[in-house]
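# coords below, sequence missing:
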């Protein structure tokens, strides 16, 4: 930790008081639900008050232009075509909408990684039940031996692609690709996986729930059939703001999950109109998006925040691995496979001791044990058979190295 840093790691990049976070809690779980700054919540509140002052005028006169500005902001950030970008509430809604657009046949196959997001795996289970679709699980790797060795990242990426390819067949209809996996916090080689889908004659649906504001996304280069990502996680917008980006061939076939007045729009406006008007929704998070991006620019820009947080997460992971494993370093992902999160295998004895101390709990006993000691960090059952559970740390602008040292101190008590 004495290595020189390009960014402040011993002090917050942005004052934690900019958020509503409990100052008595060490918060290392930005990845689950994000955390929205106070200023952006005030901007959202102003939108809600504007609606209530004149609901008809807001919905029918003001809102269409505001939504168009938000789409333009989001499309610029993602390198996406504004014509194919729809605003949705979250990435799960985006995935569900894309899956419904495909005309499935019994016997079609979908390939997904074993550390796919649980909600998406649930959708595939229901798709299998209703349509007779087969779900095939790619046995993607978590880590590699000697992750700092030359070529380690290239070997890891190749293994990820090969795991998907091994599950492909002539019946493969779609690859559901996590841009950043949720339980394992891995940045997948998404471009190579999209290219694999094209080679297999399959569709590509990228679940980028964590990606906007976390890694660079340029959809004009990636060209997936469908891509969805949240703004309320790493861009820190108010909750329920996400994008679904749709390839040109699918735009005339896509409909929102709720059909309402937008269905009657003219053909050139129909895609946006359908998604903008699915009933009387609170769209304040959507129209606050340009304000969110302005806030990030005033605080150095999201790219600088990402670079600093990546450096912080690398140093924090190294320290915690030493704390938990000593000389018996577990298999770990290469640093290039990480963004602003990292998952660390938990020695079984730590879980066992936490379970003895906590007893039955809704969340993982180690997560509950740490929360009782004022540290909020998720502990997740591993998606790999027989592997240790995973402690997933996040790094955001309000975090410092001291936060992870505090976590290490609590773990040492076990």
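In hand now; what should we look at? Not measured: the values here are computed from a predicted model.

# could you point out which element follows the helix of greatest length in the chain?
The residue-count maximum for a helix in the chain (DSSP state H) belongs to helix 302-325. Sequence-wise, the next helix or strand downstream of helix 302-325 (DSSP states H and E) is strand 341-345.

# so what does that following strand touch, helix or strand wise?
Contacts defined by 3 or more CB pairs under 8 Å, 6 or more residues apart in numbering; DSSP states H and E place strand 341-345 against helix 302-325, strand 390-394. Every residue, glycine included, has its C-beta placed from N, CA and C.

# quick one: the shortest one to chain centroid distance?
So the one you mean is strand 390-394. Here the centre of strand 390-394 is set off from its chain's centre by 14 Å, with CA atoms, centre = their mean, to the nearest Å.

# go on, stretch 83-103?
Centroid displacement of stretch 83-103 relative to its chain, using CA atoms, centre = their mean, is 15 Å.

# buried stuff in it?
The neighbour-count check on stretch 83-103 (16 or more other CB atoms under 10 Å) flags 84-99, 101-102 as buried.

# Check stretch 372-387 too.
Here stretch 372-387 shows 375, 376, 377, 378, 379, 380, 382, 383, 384 as buried, counting by 16+ other CB under 10 Å.

# out of the helices and strands packed on strand 341-345, deepest packed?
Neighbour counts (mean count of other CB atoms under 10 Å) averaged over each of the helices and strands packed on strand 341-345 peak at strand 390-394, with a mean of 24.

# residues in contact with that one?
28-31, 183-185, 313, 316-317, 320, 340-346, 366, 377-382, 404, 407 (CB atoms under 8 Å, 6 or more residues apart in numbering).

# give me phi/psi at residue 176?
Taking degrees, to the nearest 10, you get phi -100, psi 110 for the backbone angles of residue 176.

# Need the pLDDT of it.
Per-residue confidence (pLDDT) for residue 176: 98.

# can you count the residues close to it?
Burial of residue 176 is recorded as 28 neighbouring residues (other CB atoms under 10 Å).

# residues near the closest residue to it other than its chain neighbours, how many?
Excluding its sequence neighbours, the residue lying closest to residue 176 (CB to CB, 6 or more residues apart in numbering) is residue 112, at 4.3 Å. Close neighbours of residue 112, defined as other CB under 10 Å, add up to 24.

# what residues does the worst-scoring helix or strand of the chain on mean pLDDT touch?
For the chain, the helix or strand with the lowest mean confidence is helix 270-276, at a mean of 87 (criterion: mean pLDDT, DSSP states H and E). With contact meaning CB under 8 Å, 6+ apart, helix 270-276 is reached by 63-64, 67, 71, 83-84, 86-88, 244, 246, 251-252, 254-256, 259-260, 262-263, 265, 283.

# Which of the residues you listed fall within strands?
86, 87, 88, 244, 246 (DSSP state E).

# Of these, which is the nearest to residue 203?
Proximity of the ones in strands among the contacts of helix 270-276 to residue 203 (CB to CB) peaks at residue 246, which lies at 11.5 Å.

# Next up, the contacts around the nearest residue to that closest one once chain neighbours are set aside.
Take residue 246 and drop its neighbours on the chain: the residue closest to it by CB to CB, 6+ apart is residue 84, 4.4 Å away. The neighbourhood of residue 84, defined by CB under 8 Å, 6+ apart, consists of 245, 246, 247, 248, 251, 271.

# Can I have the buried ones of these as a PyMOL selection?
Buried residues within the contacts of residue 84, by 16+ other CB under 10 Å, are selected in PyMOL with:
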select buried, resi 245+246+247+251+271
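
# want to try TSV for the contacts of residue 84, with distance to residue 51 as columns?
Putting the contacts of residue 84 into TSV (distance: CB to CB, whole Å) gives the following:
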residue	distance to residue 51
245	27
246	28
247	33
248	34
251	29
271	24
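
# between the contacts of residue 84, which is closest to residue 306?
Nearest to residue 306 out of the contacts of residue 84 is residue 245 (CB to CB; 20.2 Å).

# Was I right to think that closest one contacts residue 217?
No - under the criterion of CB atoms under 8 Å, residue 245 makes no contact with residue 217, lying 9.4 Å away.

# got any residues that touch both of these two?
78, 227.

# any weak-confidence spans in this structure?
1-5 (pLDDT under 70).

# what does the domain assignment say about it?
Domains of the chain are assigned by automatic domain parsing as 16-28+301-412, 43-295.

# who touches stretch 215-226?
Against stretch 215-226 from outside (CB under 8 Å, 6+ apart): 77-81, 94, 98, 101, 177, 179-180, 187, 190-191, 194, 197, 203-206, 208, 211, 227, 229, 244-247, 249-250, 303, 306, 339.

# Pull out the buried residues from it.
215, 217, 219, 222, 224, 225, 226.

# quick check, nearest of those to residue 299?
residue 215 (18.5 Å).

# For the closest one, what are phi and psi?
Torsion angles, degrees, to the nearest 10, at residue 215: phi -140, psi 170.

# Surely residue 125 is in a strand?
No - counting by DSSP: H, G, I helix; E, B strand; the rest coil, residue 125 is located in no strand; its state is helix.

# sorry, back to before: narrow the contacts of stretch 215-226 to those that are buried.
Using 16+ other CB under 10 Å as the burial test, those include 77-78, 80, 94, 98, 101, 177, 179-180, 187, 190, 194, 197, 203-206, 208, 211, 227, 229, 244-247, 250, 306, 339 as buried.
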